[in-house]
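>>> with the input below, show me the fold.
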Amino acid sequence: MDSQWLHHLLSLYLYLAISIPKTILSALSHIRRFPFAVTLANATLSVYYRSCDLSPCTVDLDDQTTMHFWTPTHRRFNKPNLVLIHGYGSNSLWQFLLQVGPLSKSFNLYVPDLLFFGKSFTNRTDRTEAFQAKCVCEGLRGLGVEKCSVYAISYGGWVGYRTAEMYPEMVEKVVIVSSGVGATEEQKWKHLGKLGRDVREILCPETPENFRSLANLTIHKYNVGKWAPDFFLREFITVIFKNYKKERVELVEHLIAQKADSDLPILTQDRVFPVFLAHQLQRHLGPKSRVEIIKGTGHAANIESPDALNDLIKSFVLGSPKN
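Model (predicted):
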């Protein structure tokens, strides 16, 4: 099973969704709940991850904090370790479904759930990305990982940056995709103003409409609102977003409230960034960094252009030419 298989499955689903008569779609729109839809999808994704030689694992960091990872079932010592850090709109299982297959052929993959996503949680009150980074790296050490590279997307980009800053002896290379690391205060508030609504409503959706707003902001090529029925989105929100909602809101509030770091540390590791703030951050980091732009792709590059993104990750981390 690989990304091509998933592309075929997604294409078939989109074709069927478009082909269903409007009367049937209208009937489906009145379904309030379909309690097994997302549970079945979760189980299917778990089977797929296992087929990519990954297994679920939890690491208790102390009596307050537990981190959940997908880890290599059979770690290959001739492969480098790559940590995949997800963004705000999903968890480890859903965020990288189009990438774990191809990337697992070249790397030992470690895919954590960040705190308050999936099965990772803490009773501590720290909501900083530095604490998230600390928990990821301590979890990796508990799994016997001494060296790794990091690929992080969106909110995960802040966490990935901090892992490289705080653990330079562990993190060798960093790939950050679609993240606002290094934004100034003016840039941050200008961008938030363009959203036209409270960012907490978008990042912590409670209704299908709010989830569609999140999807429309992040996905450029596909209109999720046209093919994802309300009953599926309601169930997805219930299963994926309802747990730890208060804590997730606090994560957003911390990210918004913290002042821009005018003395952002310069990492010694190399980096790859797609657009907007990438150029600004690249200038800050200097000649060891580089920017890559994937054309025709929005924020969710992992969904819209997974093959191109996978090639960039492999060429950068492995030091091989791009295909």
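>>> with adjacent residues omitted, what lies nearest to the spatially most central residue of the chain?
Geometric centre of the chain, nearest residue: residue 86, 2.3 Å, by CA atoms, centre = their mean. In this structure, residue 86 finds its nearest non-sequential neighbour in residue 95, 3.8 Å apart by CB to CB, 6 or more residues apart in numbering. Heads up, the C-betas are built off the backbone N, CA and C, glycines and all.
>>> for residue 179, see how far away the one you found is.
From residue 95 across to residue 179, the span is 14 Å (CB to CB, to the nearest Å).
>>> among the helices and strands of the chain, which has the poorest mean pLDDT?
Averaged element by element with mean pLDDT, DSSP states H and E, the chain has its least confident helix or strand at strand 270-273 (a mean of 42).
>>> strands of the stretch 201-323 of the chain, start to end?
Per DSSP state E, counting those that start in this stretch, the stretch 201-323 of the chain carries strands over the ranges 270-273, 289-291.
>>> the strands in the stretch 51-200 of the chain, which residues?
Per DSSP E, counting those that start in this stretch, the stretch 51-200 of the chain carries strands over the ranges 54-60, 65-72, 81-85, 108-112, 121-122, 148-153, 171-177.
>>> strand partners (parallel or antiparallel) of the first one?
It refers to strand 54-60. Strand partners for strand 54-60, identified by DSSP bridges, are recorded as strand 65-72 (antiparallel).
>>> and the strand it pairs with with strand 108-112, angle?
150 degrees (axes from the mean of the first three to the mean of the last three CA atoms, to 10 degrees).
>>> next, the angle from strand 65-72 to strand 81-85.
Going by the same axes, to 10 degrees, strand 65-72 makes 130 degrees with strand 81-85.
>>> on that earlier part again, please tell me how far the residue nearest to residue 86 sits from residue 76.
Taken as CB to CB, the span from residue 95 to residue 76 is 23 Å.
>>> more neighbours, those two?
For residue 95 versus residue 76, the count of surrounding residues by other CB atoms under 10 Å is larger for residue 95: 26 against 12.
>>> check contacts around that one.
Applying CB atoms under 8 Å, 6 or more residues apart in numbering to residue 95 gives the contacts 84, 86-87, 89, 153, 302.
>>> return the entry from those with the maximum number of neighbours.
For the contacts of residue 95, neighbours tallied by other CB under 10 Å; top is residue 153, 28 neighbours.
>>> quick check: the gap between the nearest residue in space to it that is not next to it in sequence and residue 244.
Using CB to CB, 6+ apart and skipping the chain neighbours, the partner closest in space to residue 153 is residue 177 (4.5 Å). Distance of residue 177 to residue 244, given as CB to CB: 24 Å.
>>> okay, those two: which has more neighbours?
For residue 177 versus residue 244, the count of surrounding residues by other CB under 10 Å is larger for residue 177: 26 against 18.
>>> any idea how far the more buried one is from residue 307?
Counting by CB to CB - residue 177 and residue 307 are separated by 14 Å.
>>> what does residue 44 give?
Residue 44 sits 21 Å away from residue 307, taking CB to CB as the criterion.
>>> same thing with residue 49?
From residue 49 to residue 307 the distance is 19 Å (CB to CB).
>>> more neighbours, the two?
Between residue 49 and residue 307, residue 49 has the larger neighbour count (other CB under 10 Å), namely 23 against 14.
>>> find the nearest non-adjacent residue to the more buried one, please.
Of all residues not flanking residue 49 in the chain, residue 70 sits nearest, at 5.6 Å (CB to CB, 6+ apart).
>>> now residue 129
Nearest one to residue 129, counting by CB to CB, 6+ apart, is residue 158 at 4.1 Å.
>>> reformat the strands of the stretch 51-200 of the chain as TSV; add mean pLDDT and distance to residue 215.
Formatted as TSV, those follow (pLDDT from 0 to 100; distance: least, CB to CB, whole Å):
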stretch	mean pLDDT	distance to residue 215
strand 54-60	97	26
strand 65-72	98	24
strand 81-85	98	21
strand 108-112	98	22
strand 121-122	97	26
strand 148-153	95	15
strand 171-177	92	17
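>>> any chance of TSV for these, columns distance to residue 289?
Listed next are the strands of the stretch 51-200 of the chain as TSV, based on distance: least, CB to CB, whole Å:
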stretch	distance to residue 289
strand 54-60	30
strand 65-72	28
strand 81-85	18
strand 108-112	23
strand 121-122	32
strand 148-153	14
strand 171-177	9
